[in-house]
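Asker: can you look at this prediction? I've put the sequence above it.
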Amino acid sequence: DTGVSQNPRHKITKRGQNVTFRCDPISEHNRLYWYRQTLGQGPEFLTYFQNEAQLEKSRLLSDRFSAERPKGSFSTLEIQRTEQGDSAMYLCASDIEAGVQGYTFGSGTRLTVV
Amino acid sequence: GENVEQHPSTLSVQEGDSAVIKCTYSDSASNYFPWYKQELGKRPQLIIDIRSNVGEKKDQRIAVTLNKTAKHFSLHITETQPEDSAVYFCAASTGTGRRALTFGSGTRLQVQP
């Protein structure tokens, strides 16, 4: 297990198209987080799963965004009807409840909407 | 909700000098404060963290201090090296466990050789 894996690394899409990103957390981590980072800014929280349950969603997560973690392992983040403002780095992170280590982030998926 | 402010936005020091980055938070219920280092094009990496029941924590050349009364915490890097050059983010979390983090806007640290 080499850490948190995200695919694809880069995605270019036309405005209005749907995109889906995948995150594979560290295998023993039961908590998974999605963040969005734009250039020059800190990551912004989007949503969080504990096992398969989505426990928290940010107001940033509009109706066009949906995330799933069906079996408590990998997660997907889908953006429908993409807009130019959705262009950003989408970061996934994982950790273990009651663990002593902080998040481990993945390398992210860079989305460009043209 | 939580608001985290970070200063300065850029910091340039000479190799061997110390660097200090400061953050303030708004939610007095926040109880976990990590610091992340992000090199250009790479993932944020946790470098040190502190919980609200501790006032200071040190790990080699890096230390973090927390003042709960004033709601601010700081990152101290001593004997800076060129490889310390990166963007540093502070963050705060509210509630049991770590759950959602609110990040500061980042400090770009440049260590001049």
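Answerer: Right, received. Where do you want to start?
Asker: shaky segments in chain B?
Answerer: B:95-98 (pLDDT under 70).
Asker: for chain A, what's its nearest residue on it.
Answerer: Minimum separation of chain B from chain A (CB to the nearest CB) falls at B:Phe103, amounting to 3.1 Å. Just so you know, the C-beta spots here come from the backbone N, C-alpha and C atoms, and that holds for glycine as well.
Asker: which non-adjacent residue is nearest that residue?
Answerer: Leaving aside its chain neighbours, B:Phe103 sits nearest to A:Gly42 (3.1 Å; criterion: CB to CB, 6 or more residues apart in numbering or on different chains).
Asker: so what's the single nearest residue of chain A relative to chain B up against?
Answerer: Sorted by distance to chain B under CB to the nearest CB, the residues of chain A start with A:Gly42, at 3.1 Å. Residues in contact with A:Gly42, defined by CB atoms under 8 Å, 6 or more residues apart in numbering or on different chains, are B:4, B:6, B:89, B:91, B:103-106.
Asker: 7 Å instead, please
Answerer: The neighbourhood of A:Gly42, defined by CB atoms under 7 Å, 6 or more residues apart in numbering or on different chains, consists of B:89, B:103-106.
Asker: shaky segments in chain A?
Answerer: A:1, A:98-101.
Asker: using the three-state scheme, assign the most centrally placed residue in it.
Answerer: The geometric centre of chain A, computed from its C-alpha atoms, lies nearest to A:Trp34 (CA atoms, centre = their mean), at 3.3 Å. Here A:Trp34 is strand, with the state taken from DSSP: H, G, I helix; E, B strand; the rest coil.
Asker: quickly find the element holding the residue lying closest to it once chain neighbours are set aside.
Answerer: Nearest in space to A:Trp34, with sequence neighbours left out and distances taken as CB to CB, 6+ apart, is A:Leu46 at 4.3 Å. When secondary structure is defined using DSSP states H and E, the element that contains A:Leu46 is strand A:44-50.
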